[in-house]
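Undergrad: my questions concern the predicted model and sequence given below.
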Amino acid sequence: MGFQPILPFGGMAGWTFLQRTQEAQKQAFNAAPEIRRDTEYFAEKIGEVTSAEDLVGDYRLLKVALGAFGLDDDLPNKAFIRKVLEEGALDPTSFANRMVDKRYLALTEAFGFDLGTPNTALSDFPARILDAYKTRQFEIAVGAQDNDMRLALSMERDLGAIVDADNTANGKWYAVMGNEPLRQMFETALGLPSTLAALDIDDQLTMFRDRAKAIFGSGEVAQFADPHARDELNRLFLVRSQINAGRAAMSSGSIALTLLQTR
């Protein structure tokens with residue numbers, strides 16, 4: 001087993017520790033034999049890949065490619081991924097463009113198999129994909145110990161991409177709601193129930209926007225272009241998540257005590 005991230009605390013204390021030690025921990029994690037073998041193989045072989053068929057036909061290359069975009073669970077779904085990659089991103093009616101989850105669009109844009117020459121031929125392509133892969137794999141390892149920390153780590157990238165996208169104000173909220181990790185962060189930070197997803201999408205939008213305005217002073221996602229606003233969102237998420245966990249533990253303890261008292 002390779003290096004496992006060290007997280008001695010939860011909540012804000014744990015986040016502060018992780019932020020302070022993150023670079024050193026990442027270096028130790030990336031030096032693990034499995035990560036090193038995967039990245040070296042990808043760097044050596046990806047330049048030979050010229051089609052979606054080539055990529056999905058090589059398990060080790062596909063593992064890194066999907067891992068770079070947080071799509072590790074799709075590794076067995078080769079036909080599905082091939083369709084995403086072959087239809088590409090240029091056609092607005094393509095499979096990836098029609099999907100709610102925009103990680104697939106990012107994947108096919110990155111590889112560019114619908115271009116005359118795919119991006120795999122570019123000299124800086126391996127480094128860009130491998131940087132994303134190593135970052136995502138570190139987040140997964142962190143999440144194995146504390147999923148709140150994994151969500152906090154991914155927030156900067158995922159929310160930043162939505163904020164920077166050329167989209168309407170409503171469209172940015174829909175993108176947040178369609179990104180499961182971000183949605184979970186916002187629901188927790190804003191004190192919204194997970195059952196909110198059962199409502200009509202427009203009603204959900206109204207609740208997210210109204211609660212954000214009440215807490216942050218603005219109801220728009222664009223406010224999180226400000227690093228201070230992102231930090232406050234992250235702080236609220238971690239604090240409220242820890243409070244919720246404490247309440248759940250207390251509730252479980254009360255149930256156990258009641259059962260003992262009735263024996």
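TA: It's in.
Undergrad: helices and strands of this structure: which one has the lowest mean pLDDT?
TA: The helix or strand of the chain with the lowest confidence, counting by mean pLDDT, DSSP states H and E, is helix 227-261 at a mean of 75.
Undergrad: pull out the buried positions in the helix or strand that contains Ala212.
TA: For Ala212, the host element (DSSP states H and E) is helix 201-216. The neighbour-count check on helix 201-216 (16 or more other Cβ atoms under 10 Å) flags Gln204, Leu205, Met207, Phe208, Arg209, Arg211, Ala212, Phe216 as buried. Yep, even glycine has a C-beta here, placed from its N, CA and C like the rest.
Undergrad: ditto for stretch 27-34
TA: If you call a residue buried by 16+ other Cβ under 10 Å, then stretch 27-34 has these buried ones: Ala28, Phe29, Asn30, Ala32.
Undergrad: same question, stretch 183-192
TA: Buried residues in stretch 183-192, counting neighbours by 16+ other Cβ under 10 Å, are found at Arg183, Gln184, Met185, Phe186, Glu187, Thr188, Ala189, Leu190, Leu192.
Undergrad: ditto for stretch 221-235
TA: For stretch 221-235, by 16+ other Cβ under 10 Å, it's Val221, Gln223, Phe224, Ala229, Arg230, Leu233, Asn234.
Undergrad: with stretch 69-83 instead?
TA: Buried residues in stretch 69-83 (16+ other Cβ under 10 Å): Phe69, Gly70, Leu71, Asp74, Lys78, Ile81, Arg82, Lys83.
Undergrad: now tell me what touches that stretch from outside.
TA: With Cβ atoms under 8 Å, 6 or more residues apart in numbering as the test, stretch 69-83 has contacts from 52-53, 56, 59, 62-63, 66, 95, 103-104, 106-107, 110, 132, 136, 140, 154.
Undergrad: domains in the chain, by residue range?
TA: Structural domains annotated on the chain: 11-140, 147-261, as defined by automatic domain parsing.
Undergrad: in the chain, which spans are helices?
TA: 11-30, 33-45, 52-56, 59-67, 78-87, 95-98, 103-111, 125-143, 147-164, 169-178, 180-190, 201-216, 227-261 (DSSP state H).
Undergrad: out of the ones you listed, which is closest to Gly2?
TA: helix 33-45 (6.0 Å; Cβ to Cβ).
Undergrad: show me what the closest one is packed up against.
TA: If contacts are counted by 3 or more Cβ pairs under 8 Å, 6 or more residues apart in numbering; DSSP states H and E, helix 33-45 sits against helix 11-30, helix 59-67, helix 125-143.
Undergrad: contacts for the second one next, please.
TA: Outside helix 59-67, the residues within contact range by Cβ under 8 Å, 6+ apart are 38-39, 41-42, 45-46, 49, 55-56, 72, 74-75, 78, 81, 107, 111, 129-130, 133, 136-137.
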